[in-house]
Structure formats: structure tokens, C-alpha cells
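> what would the 3D arrangement of this be:
(2 chains)
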Number of protein chains: 2
Amino acid sequence: MRTAFYISDGTAITSEVFGHALLSLFPVEFNHITIPFVETAEQAEKVNSKIAKTFKETGERPLVFYTIVNLDVREIISNSVGINYNFLDQFVAPLEIVLGIPAKPEKHRTHSIHEKTYDIRIEAVNYALANDDGANLDNYGEADIILVGVSRSGKTPTSLYLALQYGIKAANYPFTEEDMGDMLKLPAKLRHYKNKLFGLTIAPERLHQIRSERRANSRYASMRQCRMELREVENLYRREFIPFLNSTKFSVEEISAKILAETGLQRKKY
Amino acid sequence: MRTAFYISDGTAITSEVFGHALLSLFPVEFNHITIPFVETAEQAEKVNSKIAKTFKETGERPLVFYTIVNLDVREIISNSVGINYNFLDQFVAPLEIVLGIPAKPEKHRTHSIHEKTYDIRIEAVNYALANDDGANLDNYGEADIILVGVSRSGKTPTSLYLALQYGIKAANYPFTEEDMGDMLKLPAKLRHYKNKLFGLTIAPERLHQIRSERRANSRYASMRQCRMELREVENLYRREFIPFLNSTKFSVEEISAKILAETGLQRKKY
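Residues are numbered from 1 along each chain as shown, chains lettered A, B, ... in the order given. The predicted structure is shown next:
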């Protein structure tokens, strides 16, 4: 199996995302190795030895994706025996011409605590945790968005992702049996924040499967119950004109991107 | 201000990460606009109109970072009036030669629910939530790692990030007053899992600041208390040979990357 290295004097997240996107275009498996925080010439030499060793062991030149600000370190890695992709660099000179100013790389500029939105993101995570699962209706005034839906339809992971990645304060409220009664009505406490509501729904089969992993053979997990709850919430979304999406086939990344695109919600971090 | 567009028929996360890393090399501000899920020729034409409108309004050609699998859609965007960066594409042909196989793009291959590790990540998020703040010591056997430290030293956001991004099951345990006594000893229930422990510490000034935002002028937030607690945990880490890091100057991304590099913990997702 071919090995792909992701090297950086920062977190190496940029290298990973780029390399992963590129390699995912090919229908083969790779062995992935990330080496972050390569900050000295000595560490860089060690990395090169590791790349050389991998080459020797596998007989295939490793792919090396790297973004490195430190010039000495970069120079060393660029001489590794791997196939080197310094993928950001070749865009820098043309962009300097377009923008009319020289690049001014600062170490750890991305994915670092020095981003001015960092504290906002951590605050949003704390908010999501404190306002998970309808825990704290008093704080809804602060919410950027309130995700609603039945239990296990994807609200919690989505609210955490929105917080961590975008600094968005997402509360979430689960519709429960008590809310249902004869017909699910919008709880009074939510009506006040109606413009912040965003609904999630999911295929009954998938909900049944997810709930069964938690409580097998319970009424909670039964197809009949899942169908009933989902019918009720979808009717509610339509009746009240609450925007919603079906999360069945989407990851938290996709759900979050769709919510942002659909609501026009301003993210705090880019 | 120059506008940067991030366009994709998927989430556009790859475009954002690449574009953001590139633009962060320049000491100017940009106006960022992400348009995900551009899946039809009609939608692509609308995007091009938006790019043209931005050009007209600002007088500067927008930068357009895109990754698009659908050929028709890609063709349209590549003809926008912006300065177009189809940054993945130019690496594909050379990589085909290196690997000896043709690329086989599948739509939504990255950041999608079809990644085989998707369910593992969601399970890890649920695990992190259920085992946050020492809530559930019974489940420590399942943990990949147990973060320890005083209250507000960064354990919770880090455990959520490890779960969401890497599918790692991270529990976390806060050392409390009761654990301290005359001298902080390793709680018996943690000793059994000693090989899973990873300590966080933080500068007393920063801890004081964070705690003060929660409970101003409390003993909990006082410099004296922060200093005492941090001295105790750092002594404990050293005495018990628990690996640890000081989170003061690091983001959750950086803390997580450092933990992975230092422990050799296997991530479930690349």
C-alpha cells in the first residue's frame, strides 16, 4: 500500500484536507501518516529519514503533502525522497500579482488560537452543551439557531459541529411524547423564537435502526413509533413554515453546510 | 475588500480550507462567500451571475476556489468572470502517472456520510458527551483516551474535537477540590486506566480569566486557587509520569494534533 505523509510546522490540517481530497479521487487505499509541528531542522531530518525508511520498506515512493512556513524546515522536506507536493506554494506568486502585495506568511496563522474568532468558538461549544436536548430554554434568546426534531435525528452532533467549526450558537430542542398529544403543536416557549427554528427529519427506517442500537425492542425504537413521531414533526414543519431537511443521507458536515446555505446564517469563523 | 468565493457540488469544505490557508498568507482582509451543493447547470449559472455582480459592485475580480466533480457544472464555473482556482485538478494528471491508474471521481466522496468511519465518529461524539466531566466512570474501559485536568483547562472542547474529527472516544475527568485534599493523589478509579490518561494544564493567569467569566470574584476563579490547583495537577503528572501539555497558547485543533502526535493514538478517520 502506498503511504501518504502530511507534514507541517502547524497542525497539518490543511495538508490533510488537501491530500485527502486529492487521493479520494483514486479508487485505492493509502496508508496515511500525519506529522505535525515539525519546527526545527533536526525534526525535519528525522521526518526525511522516516520517509526514506517507508520508501525502502514498501518499494514505493511515498507521497508527501506539506505546508511549511519556516524556510529551513521547508527546504529540508522539499528534498525528501518522497514525491513532494508543496501544493500551496505554486499559487502564492500568481496571487501576489493579482493582489498587488507580497505574501507575508506568519507561522500558525490558520487553525491556531490566535484567530480572533477562537474564543467565540469555545463559547459556542459551551453554549451548545448547556443548551443540548432542551436543557435550558431560558437561553434561547442568545441562540443563533435552534435545531428541532425527534430524539436521535441528528440535532446534537450538528449543533456541536456548528459551534466548533463556525462559532455558531446552536441550541437544540427534542420534541417528546408530551409535546405530541393528539397532534404535535409548536410548544409555546418555542413560538417566541420561531424565526430561529430549523427542523431535522430522518427516514423512519434509519431512526428505527439508530434507536434500536440504544434501546432494542423498546416502544421508543419501534417502527410504528418512529413513523408516528416523524409524521407529526414533518406536518408541524409544513404547517408552521419551519425550514427543515432530511438528514438520512447526510453527514454532519453536509447538514451544517446545507443549514448555512439555506438560512443565510452568518458564521463567525472562516 | 476583495471577495473570495468557495464553490463545490459538495460541502465546499476542501475549497474553504485550501483557499483560507492560501489567503491567510496575505496581510489583508477578504470577504468570504461559500456556496455549497451547486449540482445543476442552472445553479452554476446563478453562481456565475453572483460572481459577475460582485465584480461589478467591487470593481475587483473575485477569487473563486472550487472543487466540482460534475463536468457540466465545473465547465460553467470555470468560465466565471472571477479568477478561478481549480486547485485540485492540476495535481490529478501527474498523480495518475505516479499511481499508474486513472482518477475515478465519485461525487461527495469526502466529508460525506458514505465514509465508512462516519458512524464511528457519531458514536464517539455520543461517548464524549456521556463521559464528559467525569460523568460516567463505568465506561472508561471503552475510552481511547481519558483527558484529565482542573476545571476549565480545555478538556471538553478537546474531547469533542477528537470525537468529531477523528472518531476517537475521549472521556474526560476533572480533578476537584475533593480530589485535592492535602496533596492531589491519583484517584483509585483512574489508576486502573493509567495508560489512557493524558493531562492538560494551563497558565494560572489564563485559567483565572476563563473562570472569572463564569463566576467573577469567586474563590473558584481566584488567582490563588488557580495557582494551587495547577501546581497540584502538574506535580501529579510528573510524579505519575502522565504525559501532559500546557493548553494556554493552543487551539483545540493544535491540542488535538499534539495529543495524537505524542500518544501515537490511532485515529479512526483520515
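
> tell me the angle the helix or strand hosting A:Ala128 makes with helix B:118-130.
Assessed by DSSP states H and E, A:Ala128 sits inside helix A:118-130. Here the directions of helix A:118-130 and helix B:118-130 differ by 80 degrees (axes from the mean of the first three to the mean of the last three Cα atoms, to 10 degrees).

> buried stuff in helix A:118-130?
A:118, A:120-129 (16 or more other Cβ atoms under 10 Å in any protein chain shown). For the C-beta atoms, the positions are set from N, CA and C on the backbone; glycine is no exception.

> also near chain B: which of those, exactly?
Near chain B, taking Cβ under 8 Å from any Cβ of the partner chain as the test, the members of the buried residues of helix A:118-130 found are A:118, A:122, A:125-126, A:129.

> okay, helices next: where are they in the stretch 101-250 of chain A?
A:118-130, A:155-166, A:177-180, A:188-191, A:204-214, A:223-240 (DSSP state H, counting those that start in this stretch).

> so which of those helices gets nearest B:Tyr173?
helix A:118-130 (16.4 Å; Cβ to Cβ).

> so for the closest one, mean pLDDT?
Averaging pLDDT along helix A:118-130 yields 92.

> report the distance from that helix to the chain centre.
From the chain centre to the centre of helix A:118-130 is a distance of 15 Å (Cα atoms, centre = their mean, to the nearest Å).

> ok and it relative to helix B:155-166, angle-wise?
90 degrees.

> need the contact partners of helix A:118-130.
By Cβ atoms under 8 Å, 6 or more residues apart in numbering or on different chains, the surrounding residues in contact with helix A:118-130 are A:112, A:136, A:139, A:142-143, A:159-160, A:162-172, A:268-269, B:129, B:132, B:156-157, B:160, B:251-252.

> returning to that earlier point: any idea which of the ones next to chain B among the buried residues of helix A:118-130 is closest to B:Arg239?
A:Ile122 (30.0 Å).

> so how far is B:Gly154 from the closest one?
8 Å (Cβ to Cβ, to the nearest Å).

> shared neighbours, the two?
Both A:Ile122 and B:Gly154 are in contact with B:Val252, where contact means Cβ under 8 Å, 6+ apart.

> buried residues in the helix or strand of chain A with the lowest mean pLDDT, which are they?
Least confident helix or strand of chain A, by mean pLDDT, DSSP states H and E, is helix A:177-180 with a mean of 80. Burial within helix A:177-180, assessed by neighbour count using 16+ other Cβ under 10 Å, is assigned to A:179-180.

> got the CA positions of that helix in PDB?
Backbone C-alpha positions of helix A:177-180 (Å, rounded to 0.1, in the frame of the first residue of the first chain) are rendered in PDB as follows:
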ATOM      1  CA  GLU A 177     -44.200  12.300  23.700                       C
ATOM      2  CA  GLU A 178     -45.600  15.000  25.900                       C
ATOM      3  CA  ASP A 179     -45.300  17.500  23.100                       C
ATOM      4  CA  MET A 180     -47.200  15.100  20.700                       C
END
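
> quick revisit: mind telling me which of the helices of the stretch 101-250 of chain A the model trusts least?
helix A:177-180 (a mean of 80).

> near chain B, which residues of the stretch 151-270 of chain A are found?
Near chain B, when you scan the stretch 151-270 of chain A using Cβ under 8 Å from any Cβ, you find A:156-157, A:160-161, A:164, A:249-254, A:256-258, A:260-261, A:270.

> can you list contacts of the strand or helix carrying A:Glu253?
Take DSSP H and E as the rule and A:Glu253 turns out to sit in helix A:252-263. With contacts defined as Cβ under 8 Å, 6+ apart, helix A:252-263 is touched by A:145, A:154, A:157-158, A:161-162, A:165-166, A:198, A:200, A:243, A:245, A:247, A:250, A:265, A:267, B:10-13, B:34-37, B:108, B:111-113, B:122, B:164.

> select only the buried ones of the residues you listed in PyMOL?
Selection command for PyMOL covering only the buried members of the contacts of helix A:252-263, criterion 16+ other Cβ under 10 Å:
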select buried, (chain A and resi 145+154+157+158+161+162+165+166+198+200+245+247+250+265+267) or (chain B and resi 10+11+12+13+34+35+36+37+108+111+112+113+122+164)
